[in-house]
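Peer 1: This is the structure alone, sequence omitted:
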């Protein structure tokens, strides 16, 4: 149970976090964590789906949820005077889901539509395919959404068994931020969390950081542009070295003032989307470059990107450029503190990943400690083209010179 009082807010954000995600699945049940997320809104033993929505929205709040590869969060927002109602509803959802077969069948169609939406969005699909390529023979390669055949096959028994196995008391964190009182949150938990969640015995296996470069995956779709990712594994949240990668990532390709955006889009006008990314998990992250452009410009865009790689590997960033990247990272962190939901998410993930609440000041200090030498070191560790796995989504008509 963790909370953070923000005395100038009049609202709250309350989250029930389970340290369970798609990396806890296997191929045979891939997608079940996300499917359970959907089903918890479809009714409990004392509330139907409409009653769940009405009880929160009638008091000016809202409920939502999300599933990631490592955890699932069910959360509510509202005015401070209605926090008990939100707590009651969320606690009921996570403890007493009905999982009615008729609702399971109906919701499977909704989730399959969501899967089709991803398939129709190459800028989203490509990241699933990239992680599938990078994390070979590892559950991190499984897509959060799952597969159509799995989604169609999930039964009430499957959902109940999965919850019984995975959703233990040691996997649950209740987090709140905003106009909240910690003693009140504790009392609400004592009142409304009555289920005896058995301790989950499931343990995750750590993922070793492996060299890549042996995958070139080409997917054909009925699209106009070519979408491409080239990237590899790097440090996860648990490794202090991740911060230098985060600042390096900011310098190279995050934001419109970054090197790749300026070189590829602003100076040459040859790609609408170009950026680097750092997608992090507890034990490992993926780093890479994503871009989309037309067939004629792809070779030129990649040539420019490789030139920028060479530059940042060979020469230290200036103090001005390093400071700009740090301020951008710190700005995003501080601006996020103006949202109760961001604050609630920050403390929950801090507890999940570090077993403690790391202060904002600690995070800012870690950013400030990154040096130009660290950026140079990160560039030479990561920007080895032969170690990049590559995923491309293109039309059937496109001919790719660079793929060879």
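Peer 2: Cool, the structure landed. All values derive from a computational prediction rather than experimental measurement. Numbering: from 1, shown residues only.

Peer 1: wait, what's in contact with the residue minimising distance to the centre of the chain?
Peer 2: Centroid check for the chain by Cα atoms, centre = their mean gives residue 68 as the closest residue, at 5.4 Å. Residue 68 sits next to 21, 22, 144 when contact means Cβ atoms under 8 Å, 6 or more residues apart in numbering. All C-beta spots, glycine's among them, are computed from the backbone N, C-alpha and C.

Peer 1: Please repeat the previous calculation with a cut-off of 10 Å.
Peer 2: By Cβ atoms under 10 Å, 6 or more residues apart in numbering, the residues touching residue 68 are 20, 21, 22, 23, 33, 34, 144, 281, 349.

Peer 1: Pull out the buried positions in stretch 313-331.
Peer 2: 317, 321, 322, 324, 325, 326, 328, 329 (16 or more other Cβ atoms under 10 Å).

Peer 1: What are the boundaries of the strands in the stretch 51-200 of the chain?
Peer 2: Ranges of strands within the stretch 51-200 of the chain are 62-67, 72-79, 172-178, based on DSSP state E, counting those that start in this stretch.

Peer 1: for the stretch 251-400 of the chain, that is, sorry about that
Peer 2: Going by DSSP E, counting those that start in this stretch, the stretch 251-400 of the chain shows strands at 273-280, 284-293, 389-394.

Peer 1: Which parts of the stretch 1-150 of the chain are helices?
Peer 2: For the stretch 1-150 of the chain, the helices defined by DSSP state H, counting those that start in this stretch occupy 32-39, 49-57, 83-95, 101-119, 122-134, 148-153.

Peer 1: quick one: which of the ones you listed is nearest residue 271?
Peer 2: Ranking the helices of the stretch 1-150 of the chain by proximity to residue 271 (Cβ to Cβ) places helix 122-134 first, at 12.4 Å.

Peer 1: same for the closest one, what does it pack against?
Peer 2: If you count contacts as 3 or more Cβ pairs under 10 Å, 6 or more residues apart in numbering; DSSP states H and E, helix 122-134 packs onto helix 101-119, strand 216-220, strand 226-235, strand 273-280, strand 284-293, strand 389-394.

Peer 1: hang on, the earlier thing: can I get the strands of the stretch 51-200 of the chain in TSV with distance to residue 372, mean neighbour count and mean pLDDT?
Peer 2: Formatted as TSV, the strands of the stretch 51-200 of the chain follow (distance: least, Cβ to Cβ, whole Å; neighbours: other Cβ atoms under 10 Å; pLDDT from 0 to 100):
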stretch	distance to residue 372	mean neighbour count	mean pLDDT
strand 62-67	37	17	96
strand 72-79	37	22	96
strand 172-178	36	24	96
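
Peer 1: want to throw those into a markdown table with distance to residue 259?
Peer 2: As requested, the strands of the stretch 51-200 of the chain are exported to a markdown table (distance: least, Cβ to Cβ, whole Å):
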| stretch | distance to residue 259 |
| --- | --- |
| strand 62-67 | 32 |
| strand 72-79 | 34 |
| strand 172-178 | 36 |
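
Peer 1: Nearest to residue 359, out of those?
Peer 2: strand 172-178 (13.8 Å).

Peer 1: What strands line up against the closest one, and which way round?
Peer 2: Sheet pairing of strand 172-178 (DSSP bridges) gives strand 2-5 (parallel), strand 11-18 (antiparallel).

Peer 1: related to what we said a few turns ago, for residue 188, find the nearest of the helices and strands packed on helix 122-134.
Peer 2: helix 101-119 (27.6 Å).
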